[in-house]
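Visitor: Coordinates only, no sequence provided:
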């Protein structure tokens, strides 16, 4: 058996942390290794505990979840994927969180099965966006971003500048198609059906896209896709 997914819970409400712990600790493949009640504590705990996944609240004392996310993502010794957990009453917080490097977000009124699925998705490197807000958030995020540039493919430009640097090589036409469907919040199975290819092939394309974009996961790749005018 593989090691369980290590989770750090960050929220200034002890009752919510206790509820999340109860839900997650019932799963044989997930274990809660720590809790934090502020952003500063989250940064310290992430460095000390090296969790695989962090659930991060936004509004907290001392340091908010956006700044904590930014600091954790910037630390090369920490490889945790971060899911912002919010009531979604402030859209701008969510856009900033994505820009800070969050791998997804979840609404606080989500069901237990959604929380468990999100933790597993982030641990697998897939990222996770709440279905209710995926298109709304990404559309608004793109609208607030700098002017879009065309997506580079093997039949267009040789190189293109993305948020984190320059693509080492252009996307192939097929990779551009896959990225377009990722930006439309499609799952691997849905992409496979749309392009008449196998899911294993989709996974290979996604892996190559992440490598070329310098993105850590699908969520960051989707954000870049919107910034480049692909969606």
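Guide: All right, it came through fine. Since we're looking at a predicted model, the values are computed, not measured. Residues are numbered from 1 along each chain as shown.
Visitor: State which helix of this protein is the longest.
Guide: Criterion DSSP state H: the longest helix present in the chain is helix 199-213.
Visitor: average pLDDT for that helix?
Guide: Averaging pLDDT along helix 199-213 gives 89.
Visitor: could you give the angle of the helix or strand that it is followed by to helix 199-213?
Guide: Under the assignment DSSP states H and E, the closest C-terminal helix or strand after helix 199-213 is helix 218-227. Interaxial angle of helix 218-227 relative to helix 199-213 (axes from the mean of the first three to the mean of the last three C-alpha atoms, to 10 degrees): 70 degrees.
Visitor: For helix 218-227, enumerate the helices and strands it packs against.
Guide: With contacts taken as 3 or more C-beta pairs under 8 Å, 6 or more residues apart in numbering; DSSP states H and E, helix 218-227 sits against helix 91-100, strand 128-129, helix 134-143, helix 173-183, helix 199-213. In this view, the C-beta of every residue, glycine as well, is placed from N, C-alpha and C.
Visitor: Relative to residue 47, which of these is closest?
Guide: Closest to residue 47 of these, according to C-beta to C-beta: helix 91-100, at 16.8 Å.
Visitor: Which residue ranges make up the domains of this protein?
Guide: The record assigns the chain these domain ranges, following automatic domain parsing: 5-141, 147-227.
Visitor: Output these in JSON lines, with mean neighbour count appended to each entry.
Guide: Output for these, formatted as JSON lines (neighbours: other C-beta atoms under 10 Å):
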{"stretch": "domain 5-141", "mean neighbour count": "19"}
{"stretch": "domain 147-227", "mean neighbour count": "17"}
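Visitor: mean pLDDT lowest for which of the ones you listed?
Guide: With a mean of 73, domain 147-227 has the lowest mean pLDDT of the domains of the chain.
Visitor: ok, back up a step: distance between the longest helix of the chain and the chain's centre?
Guide: With C-alpha atoms, centre = their mean, to the nearest Å as the basis, helix 199-213 stands 16 Å off its chain's centre.
Visitor: Show me the contact partners of it.
Guide: The contact list for helix 199-213 (C-beta atoms under 8 Å, 6 or more residues apart in numbering) reads 162, 164, 167-171, 174-175, 178-179, 182, 188-189, 191-192, 195, 215-218, 220-221, 224.
Visitor: Now do it against helix 173-183, angle only.
Guide: Going by the same axes, to 10 degrees, helix 199-213 makes 90 degrees with helix 173-183.
Visitor: For the residue nearest the centre of the chain, grab phi and psi.
Guide: The chain has residue 103 as the residue nearest its centroid, 1.5 Å off, counting by C-alpha atoms, centre = their mean. Phi and psi for residue 103, reported as degrees, to the nearest 10, are phi -90, psi 0.
Visitor: surely it meets residue 83?
Guide: Yes - counting by C-beta atoms under 8 Å, residue 103 sits close enough to residue 83 to count as a contact (6.4 Å).
Visitor: any residues in contact with both of these two?
Guide: 122, 128.
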